[in-house]
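1. Quick one: sequence and predicted model below, then my questions.
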Amino acid sequence: MSLQDSFGRKFSYLRLSVTDACNFRCQYCLPNGFKPNGPSNFLSLDEITNLVQTFARLGTRKIRLTGGEPTLRRDLVSIIRAIRSIDGIEHVALSTNGFSLAARAAEFADAGLSSVNVSADSLDPARFAERTGQDVLPSVLLGVDTALSLGLKVKLNAVLMREKFAEELLAFQDFVKTRPVSVRFIELMPTHDNSSFFESQHMRASELRASLIANGWSMRERTKDSGPAFEYAHPSFEGRIGMIAPYAPSFCDNCNRLRVTSRGGLRLCLFGDEDYPIRSFLQSSDDSARFEEHLRSVLMSKKASHYLQSGHLGNNRSFSVMGG
Ligand code: SAM
Ligand code: SF4
């Protein structure tokens, strides 16, 4: 029987953080860079394998590897390969800042990676450097084209920011003119660590929607795989532009995702108040029946909404801790 919460929502998608470490300093995420907090005792390959085997038995079909920056894990290729070979897992996705994608996309594809989401918050090299602390936009974009040429499904994630929004929107439209890529603007979300940045840069996804419609883009019909994103298409553009609007009233209604932190904390919601420790269940595959029972019981605490609209931030210092 699949994993289900008390509102009847079923969970087929797991976002698994494999490290907290990151080599970028995105202004809204890790503005002062990554500072290690205790030993780097991230889940091992064996623990990850045990974890995913149990989730797959309970109906998980898609795993997203995230972080921190997941490509900093030396054994990332082995992790992708191990997860891909687990019965029931149909899709292994990666979220990355793209700094090493051009060099490594081929080994990721060879290990069985299905798709990659690359973060690029600006298509202007100087602004990209200012927003991420790394002056590497050309090599990130080379990574995108390399991944496309290898047949990987590619999406570009850009956090929606007020500064130079109109200029960025034009540049991203231009980018998808001839590329089969979906650019997804993520509405900036507040965390305990980014309040002043949030105040100055937050803009509603509804403003983006209005600009797209004014420029001739129209909303695509949503499918069961759409997740929380709304996508827009235009007859003159090969790619799509989408948006993730966490403040939209029905955002949580069809939630199908759970999160596990890099040290084995189960997080029921991005803005959840606590992580439920599950690492002790991952030491041996013999514990999977007890683990299953534990997961089912913890899931009953999942709330109906993130309550972001009422200013609830939960235990959320930075998305780098649980992978966004
Ligand atoms: N390092 C990888 C990357 O940047 O893609 C994976 C981890 S990162 C935390 C995952 C996604 O979360 C990125 O697309 C990032 O832009 C987004 N993100 C981080 N903090 C955010 C915030 N406060 N609001 C909205 N999106 C955020
Ligand atoms: Fe690192 Fe990703 Fe956070 Fe940027 S958004 S600082 S790349 S974890």
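-> Thanks, I have the structure now. Ligands and ions are numbered 1, 2, ... in the order given.

2. host element of the nearest residue to Met300 once chain neighbours are set aside?
-> Spatial nearest neighbour of Met300, chain neighbours left out: Ser6 (5.2 Å); criterion: Cβ to Cβ, 6 or more residues apart in numbering. (C-beta placed from N, C-alpha, C; glycine too.) Counting by DSSP states H and E, no helix or strand carries Ser6.

3. which ones are touching Ser6?
-> Contacts of Ser6 were listed using Cβ atoms under 8 Å, 6 or more residues apart in numbering, and they are 299-300, 302.

4. Which ones among those map onto strands?
-> Of the positions in the contacts of Ser6, not one sits in strands, assigned by DSSP state E.

5. Turn those into TSV, including pLDDT and neighbour count.
-> Formatted as TSV, the contacts of Ser6 follow (pLDDT from 0 to 100; neighbours: other Cβ atoms under 10 Å):
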residue	pLDDT	neighbour count
Leu299	96	19
Met300	95	10
Lys302	95	18
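
6. Quickly note the distance from the residue lying farthest from the centre of the chain to ligand 1.
-> Distance from the C-alpha centroid of the chain, by Cα atoms, centre = their mean, peaks at Asp286 (30.5 Å). Distance of Asp286 to ligand 1, given as Cβ to the nearest ligand atom, to the nearest Å: 32 Å.

7. likewise Leu94?
-> The gap separating Leu94 from ligand 1 is 9 Å, by Cβ to the nearest ligand atom.

8. Can you name the residues that contact that residue?
-> Contacts of Leu94 by Cβ under 8 Å, 6+ apart are 64-66, 70-71, 80, 108, 113, 115-117.

9. For the protein, which residues are neighbours of ligand 1?
-> Residues of the chain lying close to ligand 1 by Cβ under 6 Å from any ligand atom are 22, 28-29, 66-67, 69, 95-97, 119, 157, 159, 186, 188-189, 191, 194, 319-320, 323-324.

10. what is the mean pLDDT for the biggest strand by length in the chain?
-> In the chain, ranked by residue count with DSSP E as the criterion, the top strand is strand 153-160. The average pLDDT for strand 153-160 rounds to 97.

11. List the buried residues for it?
-> By neighbour count, with 16 or more other Cβ atoms under 10 Å as the criterion, the buried positions of strand 153-160 are 153-160.

12. Equivalent analysis for stretch 49-64, please.
-> Buried-residue list, stretch 49-64, by 16+ other Cβ under 10 Å: 49-60, 62-64.

13. Just the ones of those in helices?
-> Judged by DSSP state H, helices contain the following of the buried residues of stretch 49-64: 49-57.

14. Contacts only, for the residue nearest to Lys62 when sequence neighbours are not counted.
-> Leaving aside its sequence neighbours, Lys62 sits nearest to His91 (Cβ to Cβ, 6+ apart; 4.1 Å). Contacts of His91 were listed using Cβ under 8 Å, 6+ apart, and they are 61-63, 114-115.
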